[in-house]
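J.: got a predicted structure here, sequence first:
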Amino acid sequence: MGKFISILIAIGAIAFLLIVGGAFYIVNESEQVVITQFGKPVGEPITTPGLKIKKPFLETANYFDKRFLAWDGEPKQVSTRDKRFININTYARWRISDPLQYAKRLFDESKALTRLGSVLEGATQNAIANHDLIELVRSSNRDYVSNNVDSDQSKQEKAIIKSGRDELTKEILELAKESTSDLGIEILDFQFKRINYVPEVRKKVYERMISERKRIAEEFRSQGAGESARISGQKDRDLKEITSDAYRRSQEIKGKADAEAANIYAAAYNKDASFYRFMRTMEIYRETLDKETVLVLSTDGEFLKYLGSTK
């Protein structure tokens with residue numbers, strides 16, 4: 001019985017030493033572990049999740065992230081091949097691809113970010129210095145409409161893009177991968193977050209853009225005034241043509257009516273001339289004689305013959 005108790009006590013002591021000494025450790029899905037002994041990596045990296053065992057007191061489990069990590073660059077001022085000074089802001093995504101090599105060369109994430117920033121910024125400056133600004137902001141030679149009359153800008157618009165922004169980012173990514181291949185990390189993606197002129201140049205660009213928009217506005221106003229004058233002139237010509245045609249048609253109708261009236265009068269006169277003279281004289285009496293009209297005529301005048309007639 002005493003021997004059994006001694007065995008249990010020995011097993012408990014060993015378990016206690018194992019637990020206190022850190023013999024057990026847990027690896028999560030998003031982690032990978034490198035075991036170090038007295039600060040030096042030993043064995044292969046642990047990349048599978050679960051409960052793991054190491055030598056207590058002698059070995060240490062160093063955890064590294066297995067997920068995609070972010071790197072955000074600081075805004076930098078660089079110069080392009082065509083001597084354009086611009087501010088750029090970039091970002092990248094990376095991961096620890098070889099945790100053992102990473103532990104040997106970098107070990108700490110802050111150190112890795114510093115090294116990564118140095119590599120990416122250097123590759124970016126070198127790539128931009130070998131390309132014109134237009135290749136940094138455009139990716140193809142597609143046609144587009146531009147009214148800018150600035151000579152430098154016009155020269156850029158006519159330039160043929162050989163690489164473009166997409167190819168430029170790929171070039172930077174390849175340069176950075178070559179420089180980080182022995183660090184145990186892999187750069188997955190690199191992009192430009194923002195590209196802009198430096199403040200001094202930006203002010204001049206804005207002023208040029210404003211003056212150019214004003215010039216375009218004046219062109220539109222001038223074109224509108226010319227179109228307005230053309231429409232007004234066309235309206236006056238159309239109005240004169242319509243008025244002239246209407247007057248001509250009215251005169252034609254009036255002439256036809258007068259001719260028809262003359263024909264009717266002539267036909268009536270030929271049928272009964274005396275009756276026609278009588279009717280015309282009655283009409284003249286009605287038109288000329290009223291209460292305020294005074295006529296002094298001879299009694300034997302032709303005008304009063306029907307007034308004095310008893311027939």
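T.: On my side now, so go ahead.

J.: against M209, how distant is the residue nearest to Y63 when sequence neighbours are not counted?
T.: Spatially, and ignoring its direct neighbours in sequence, Y63 is nearest to E31 (5.1 Å; C-beta to C-beta, 6 or more residues apart in numbering). C-beta: built from backbone N, CA, C; applies to glycine. Noted for E31: a distance of 52 Å to M209, by C-beta to C-beta, to the nearest Å.

J.: so for those two, which sits in the more crowded spot?
T.: Taking other C-beta atoms under 10 Å, E31 and M209 do not tie; E31 has more neighbours (17 against 12).

J.: that one touches F64, doesn't it?
T.: Yes. Using C-beta atoms under 8 Å, E31 is in contact with F64, at 7.0 Å.

J.: now the helices for the stretch 51-200 of the chain?
T.: With DSSP state H, counting those that start in this stretch as the criterion, the stretch 51-200 of the chain has helices at 99-105, 109-129, 133-137, 151-158, 164-180, 199-271.

J.: out of the ones you listed, which is closest to T80?
T.: helix 133-137 (4.6 Å; C-beta to C-beta).

J.: in that closest one, what counts as buried?
T.: L133, I134, E135, L136 (16 or more other C-beta atoms under 10 Å).

J.: torsion angles phi and psi at the nearest residue to Y265 once chain neighbours are set aside?
T.: In this structure, Y265 finds its nearest non-sequential neighbour in Y276, 7.8 Å apart by C-beta to C-beta, 6+ apart. Main-chain dihedrals, Y276, degrees, to the nearest 10: phi -60, psi -40.

J.: please apply the same query to G39.
T.: phi 90, psi -10.

J.: and it, how far from V137?
T.: Taking C-beta to C-beta, one finds G39 at 49 Å from V137.

J.: repeat that for R115.
T.: To V137, R115 is 29 Å away according to C-beta to C-beta.
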